[in-house]
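In: Predicted model and sequence below, questions to follow.
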Amino acid sequence: MSLDTVLSRIDETLPQAMDRLFALLRIPSISTDPAYKADCAKAADWLAEDLRSLGFDAAARATPGHPMVVGHGGTGGRHLLFYGHYDVQPVDPLDLWHRDPFDPTVEETPKGPVIRARGAADDKGQLMTFVEACRAWKHVHGTLPGRLTIFLEGEEESGSPSLVPFMEAHRKELTADLALICDTGLFDSSRPAITTMLRGLLGEEITITGPDKDLHSGMYGGAAMNPIRVLAGIIASLHDENGKVTVPGFYDGVQDLPEALRAQWQALAFDHQRFLGDVGLSVPAGEHDRTPLEMLWSRPTAEVNGIWGGYSGAGFKTVLPSQAHAKISFRLVPGQDPHRLRDNFRNHVRTMIPFDCQVAFHGHNASEAGVMDISDPAFEAARKALGEEWGQPASYVGCGGSIPIAGYFRSVLGMDAMLVGFGKDDDQIHSPNEKYDVESFHRGIRSWARILAALQ
C-alpha cells in the first residue's frame with residue numbers, strides 16, 4: 001500500500017475530519033481566564049481520548065495550571081515528537097464577531113471556503129492536521145507512521161507557566177530525535193514554508209516617578225520635572241536617524257544573514273509595498289541598510305508597545321503627573337543574550353534619569369532567538385514533500401514573532417524543531433472572526449502524510 005492510498009483516504013474522509021475538528025472547536029478552552037478552567041480540562045480529555053482511539057498510549061497530565069496531553073505510539077524509525085496547543089485566546093470584543101466564536105461553521109468567501117471559529121487557525125486546526133494524517137495512515141497501514149510522541153499544551157496563550165517545569169520533570173520521556181511544530185503559516189496563500197529562524201523576545205515595563213503627587217501645571221510648570229518629559233526623552237533615544245537601536249551593546253553577537261539564505265529570501269520577491277499598504281503604510285521604518293524581509297525575520301528590534309501618564313480622559317486637565325509609564329519590547333535574533341540586554345537597557349535608562357526622579361523596572365519575558373540546523377537531512381526531505389503537495393518548492397523562511405517552545409526544545413531537551421504550518425496572513429488569529437481555510441486544513445493533512453512518509 002502506497003502513500004497515494006493514504007492521500008486518497010484523507011480526501012475521502014475530509015467531512016469526518018471536519019466534524020472532529022468542529023467538536024474540538026466547540027470547547028471554549030480559553031487558558032488565560034480562570035472561568036474556563038473546566039473547559040481547558042475538557043479539551044485535554046477530548047484530545048487524549050481521540051489519540052487513544054488511534055492506538056496512542058495517551059493521557060491528560062495534571063500540572064499546576066492546565067493539563068498537558070502526552071501520547072506515545074508506533075515503533076521503529078526516527079523518534080518524532082509533535083507539539084501543538086489546544087488553548088485559545090479570549091474572544092473580546094465579542095460584538096465584533098459575526099457569529100458565536102465557539103459555534104464553528106464553514107463560510108464561503110471570495111477566496112474559497114473557510115472554517116470560522118476561535119482556535120480554527122491557532123492552533124486547533126493546525127494540530128488536528130497532524131492527528132488526521134496519523135488517522136489516515138493507521139487506517140491504511142494498520143500502524144502509526146513510525147515512533148511518535150504527541151505533546152499538546154494548554155497554556156501557550158497565557159505564557160506557558162507550567163511548560164518548562166513539565167518538560168524538565170519528564171525530560172527522558174519527551175526527548176526525541178526531532179520535534180515537529182504546526183503553529184506557523186504559508187509564506188503566501190499557496191507557497192509552503194519551513195520556518196528556520198525565530199526571534200526571541202524581551203519585555204520591559206518602566207515607571208518614572210517625579211513629584212509625590214500630580215501637580216497643577218500653572219503653579220508648578222517649568223519648575224517641576226515632568227516624568228512624561230523624561231520618558232519621552234528615553235523613548236526618543238532608542239533609535240538613531242537610520243533606524244538603528246542605540247542601546248549600548250545591542251548588536252553584540254548579531255550575525256549577518258548567510259548569502260545563500262539571503263538569495264533564497266530575495267527570490268521570494270516579497271512585495272513590501274503591498275505588505276505595508278494593507279495596513280495603511282508605505283515606507284519601511286527599520287534599519288535603512290536592510291531589506292524589509294531582513295527587518296522582519298533576521299534583525300533585532302526595539303518597539304514601544306504602550307505609554308501612559310497624566311490625564312487622558314475627556315476634556316482637558318492641566319496636570320503634571322506624578323508618574324509616567326511605558327511598555328517596551330525587544331525582538332531578538334541569534335547571538336543576543338536577553339539577560340545581558342535587559343541589564344544594558346536598564347543601565348541606559350538610568351543614565352537619563354534626572355535628579356529628583358526615580359525609575360522602577362518590571363521585566364516580562366526573556367526568551368532567546370532560535371535558528372534550526374537545516375543540515376539535518378530531515379529538513380530537505382520535508383521541503384521536497386511539501387513541494388510535491390503544493391506544486392511549488394517550499395521555502396526556508398524566518399519568523400518575526402517568537403515561538404518559545406522551539407527554544408525550549410533545544411535548551412531543555414537538546415533537540416531541534418521543524419516548524420511547518422498552513423496558516424495564512426488573513427486568518428485573524430487573536431482577533432475577532434478568526435478563520436482557517438478549508439484548503440489549509442485539507443492540504444495540511446496531506447502535507448503531514450507526505451512528510452511522515454519521507455521521514456520513515
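Out: Good, I have the coordinates.
In: Is the residue nearest to F151 when sequence neighbours are not counted bridged to anything, and to what?
Out: Nearest residue to F151 in three dimensions, chain neighbours excluded: Y83, at 5.0 Å (C-beta to C-beta, 6 or more residues apart in numbering). From N, CA and C alone the C-beta is placed, and that goes for glycine too. Using DSSP bridges, the beta-bridge partners of Y83 come out as F151, I181.
In: burial of Y83, as a residue count?
Out: 26 (other C-beta atoms under 10 Å).
In: Now do the same contact list for it.
Out: Taking C-beta atoms under 8 Å, 6 or more residues apart in numbering, we find Y83 in contact with F151, L152, E153, A179, L180, I181, D183, I405, F409, A417.
In: Compute the number of surrounding residues for the residue lying closest to the third one once chain neighbours are set aside.
Out: Translated: E153. Nearest non-adjacent residue to E153, counting by C-beta to C-beta, 6+ apart: H85, 4.4 Å away. Residues lying near H85 (other C-beta under 10 Å) number 28.
In: Quick check, H85 in contact with L163.
Out: No - with contact defined as C-beta atoms under 8 Å, H85 does not count as touching L163 (9.6 Å).
In: Give the intersection of the neighbour lists for these two.
Out: E153, E155, E156.
In: got a list of what the nearest residue to the last one once chain neighbours are set aside touches?
Out: Taking C-beta to C-beta, 6+ apart, and ignoring the residues beside it in sequence, E156 has H85 as its nearest neighbour in space, at 3.6 Å. Contacts were defined as C-beta under 8 Å, 6+ apart; by that measure H85 touches D123, L127, L152, E153, G154, E155, E156, E157, D183.
In: let's see it at 10 Å
Out: 29, 31, 66, 68-69, 119, 122-124, 126-127, 151-157, 160, 163, 181, 183, 405 (C-beta atoms under 10 Å, 6 or more residues apart in numbering).
In: same thing with P192?
Out: Counting by C-beta under 10 Å, 6+ apart, P192 has contacts 185-186, 382-383, 385-395, 397, 420-422, 443-444, 447.
In: Tell me the buried residues within those.
Out: 185-186, 382-383, 385-390, 394-395, 397, 420-422, 443-444, 447 (16 or more other C-beta atoms under 10 Å).
In: among the residues you listed, which are in helices?
Out: Using DSSP state H, the subset of those located in helices is A382, R383, A385, L386, G387, E388, E389, W390, R443, G444, S447.
In: L21 is in contact with E132, correct?
Out: Yes - at 8.2 Å, E132 and L21 qualify as touching, with contact defined as C-beta atoms under 10 Å.
In: who touches both of these two?
Out: Listed as contacting both E132 and L21 by C-beta under 10 Å, 6+ apart are F441.
In: So those two - more neighbours on which side?
Out: Taking E132 and L21 together and counting by other C-beta under 10 Å, E132 has the greater number of neighbours (27 against 24).
In: can you give me the offset of the helix or strand hosting the more buried one from its chain's centre?
Out: Under the criterion of DSSP states H and E, E132 resides in helix 124-141. Helix 124-141 sits 22 Å away from the centroid of its parent chain (C-alpha atoms, centre = their mean, to the nearest Å).
In: Kindly provide the distance from the residue most central in space within the chain to K435.
Out: Centroid check for the chain by C-alpha atoms, centre = their mean gives I403 as the closest residue, at 4.4 Å. Distance of I403 to K435, given as C-beta to C-beta, to the nearest Å: 21 Å.
In: Does T75 belong to a helix, a strand or coil?
Out: coil (DSSP: H, G, I helix; E, B strand; the rest coil).
In: neighbours around it, how many?
Out: 10.
In: Distance check, it against D427.
Out: Here T75 is placed at a distance of 36 Å from D427 (C-beta to C-beta).
In: Likewise for R262?
Out: Counting by C-beta to C-beta, the gap from R262 to D427 is 28 Å.
In: More neighbours: which of those two?
Out: More neighbours surround D427 than the other of R262 and D427, with 22 against 15 (other C-beta under 10 Å).
In: so the more buried one touches S189, yeah?
Out: No - with contact defined as C-beta under 10 Å, D427 does not reach S189; the gap is 11.0 Å.
In: what touches both of these two?
Out: D437, S440.
In: Give me the next element, helix or strand, following the helix or strand containing F330.
Out: With elements taken from DSSP H and E, the one containing F330 is strand 323-332. Next helix or strand after strand 323-332 toward the C-terminus (DSSP H and E): helix 338-350.
In: Give me the buried positions along that following helix.
Out: P338, L341, R342, N344, F345, H348, V349.
In: Only alpha carbons, please: show that helix as PDB.
Out: C-alpha atoms of helix 338-350 as PDB (Å, rounded to 0.1, in the frame of the first residue of the first chain):
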ATOM      1  CA  PRO A 338      18.200  38.600  26.600                       C
ATOM      2  CA  HIS A 339      19.500  38.900  30.200                       C
ATOM      3  CA  ARG A 340      22.500  40.900  29.200                       C
ATOM      4  CA  LEU A 341      20.400  43.100  27.000                       C
ATOM      5  CA  ARG A 342      18.000  43.700  29.900                       C
ATOM      6  CA  ASP A 343      20.900  44.900  32.000                       C
ATOM      7  CA  ASN A 344      22.200  47.100  29.200                       C
ATOM      8  CA  PHE A 345      18.800  48.700  28.600                       C
ATOM      9  CA  ARG A 346      18.200  49.400  32.300                       C
ATOM     10  CA  ASN A 347      21.600  51.000  32.600                       C
ATOM     11  CA  HIS A 348      20.900  53.100  29.600                       C
ATOM     12  CA  VAL A 349      17.700  54.300  31.100                       C
ATOM     13  CA  ARG A 350      19.300  55.100  34.500                       C
END
